[in-house]
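Colleague: only the shape, not the letters, is given here:
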Ligand SMILES: [Zn+2]
């Protein structure tokens with residue numbers, strides 16, 4: 001009897017949640033945005049969909065994170081087919097699934113301090129594009145990035161940390177010079193320059209990703225996240 005009550009309650013809850021799911025379907029600029037998601041982000045709709053998710057996050061109306069059990073079961077049984085790859089900083093203030101209001105199975109993510117490109121990350125994106133159906137890659141920088149600040153300051157770092165600044169410094173020469181001359185470089189501008197530089201590095205390293213871009217199967221987007229406001233801004 002007790003189990004039956006629980007079962008009935010669970011079923012009722014499922015119906016309520018499905019009703020909420022239907023209510024959450026909206027169409028923006030020809031792109032159907034859904035939260036919680038039951039299908040991947042449509043090709044050509046990544047920017048629209050991610051901005052719609054960011055708007056839900058900003059409004060406190062996030063939906064993907066209220067209930068992910070169905071997505072866990074579905075992706076566990078049938079495998080993943082993420083739509084969007086994101087190269088992001090490891091900064092804890094940039095939680096991708098939360099700030100884009102996406103869920104289990106949506107995003108294919110590579111993270112490292114300063115969102116720097118390296119062979120491991122690029123191989124990961126090649127795998128995502130070739131085997132999983134990733135059709136868009138976003139390089140996402142952010143304001144107040146410690147890796148950007150450390151690179152521009154050009155101070156010696158311990159351990160393996162120079163691997164980060166070595167990856168960033170070739171793209172940030174003008175900012176490093178300004179700082180060395182006693183000036184105050186604009187670190188948000190530096191983070192934007194770094195986003196474009198890391199995207200350039202990604203394409204320089206990967207013939208596979210260049211070919212996918214050239215045949216139209218891969219879209220590349222640069223974006224910035226503001227840690228003070230929670231707003232995502234696409235650069236292109
Ligand atoms: Zn950062």
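Modeller: Yep, it's here. What you are looking at is a predicted structure, and each value in this text was computed from that prediction instead of being measured. Numbers count the residues shown, from 1 in each chain.
Colleague: from now on I want contacts and neighbour counts done on CA atoms only, so please keep to that.
Modeller: Noted.
Colleague: and the strand or helix carrying residue 74, what's buried?
Modeller: Assigned by DSSP states H and E, residue 74 falls within helix 69-78. Buried positions in helix 69-78, judged by neighbour count with 16 or more other CA atoms under 10 Å: residue 71.
Colleague: which elements pack onto that helix?
Modeller: Judged by 3 or more CA pairs under 8 Å, 6 or more residues apart in numbering; DSSP states H and E, helix 69-78 is in contact with no other helix or strand.
Colleague: centre-most residue in this protein?
Modeller: residue 86 (3.8 Å; CA atoms, centre = their mean).
Colleague: that residue pairs with what?
Modeller: residue 109, residue 138 (DSSP bridges).
Colleague: dump the residue contacts of it.
Modeller: Contact partners of residue 86, counting by CA atoms under 8 Å, 6 or more residues apart in numbering, are 107, 108, 109, 110, 137, 138, 139, 140.
Colleague: at 6 Å what do you get?
Modeller: 109, 137, 138, 139 (CA atoms under 6 Å, 6 or more residues apart in numbering).
Colleague: okay, those in TSV with distance to residue 146, pLDDT and neighbour count next?
Modeller: What follows is the contacts of residue 86, written out as TSV (distance: CA to CA, whole Å; pLDDT from 0 to 100; neighbours: other CA atoms under 10 Å):
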residue	distance to residue 146	pLDDT	neighbour count
109	20	98	19
137	23	98	25
138	20	98	22
139	17	98	26
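Colleague: how about the residues of the chain by the ion?
Modeller: 89, 91, 114, 145 (CA under 5 Å from the ion).
Colleague: now do the helices in the protein.
Modeller: For the chain, the helices defined by DSSP state H cover 2-23, 46-59, 69-78, 96-99, 119-127, 146-153, 162-168, 173-180, 187-205, 207-214.
Colleague: could I get those helices as a markdown table with distance to residue 133?
Modeller: Output for the helices of the chain, formatted as a markdown table (distance: least, CA to CA, whole Å):
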| stretch | distance to residue 133 |
| --- | --- |
| helix 2-23 | 24 |
| helix 46-59 | 13 |
| helix 69-78 | 14 |
| helix 96-99 | 18 |
| helix 119-127 | 9 |
| helix 146-153 | 31 |
| helix 162-168 | 28 |
| helix 173-180 | 36 |
| helix 187-205 | 18 |
| helix 207-214 | 11 |
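Colleague: could you redo those as a markdown table and give each row mean pLDDT and distance to residue 221?
Modeller: Below are the helices of the chain laid out as a markdown table (pLDDT from 0 to 100; distance: least, CA to CA, whole Å):
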| stretch | mean pLDDT | distance to residue 221 |
| --- | --- | --- |
| helix 2-23 | 47 | 28 |
| helix 46-59 | 96 | 8 |
| helix 69-78 | 91 | 26 |
| helix 96-99 | 96 | 15 |
| helix 119-127 | 98 | 14 |
| helix 146-153 | 98 | 20 |
| helix 162-168 | 98 | 19 |
| helix 173-180 | 98 | 23 |
| helix 187-205 | 98 | 9 |
| helix 207-214 | 98 | 11 |
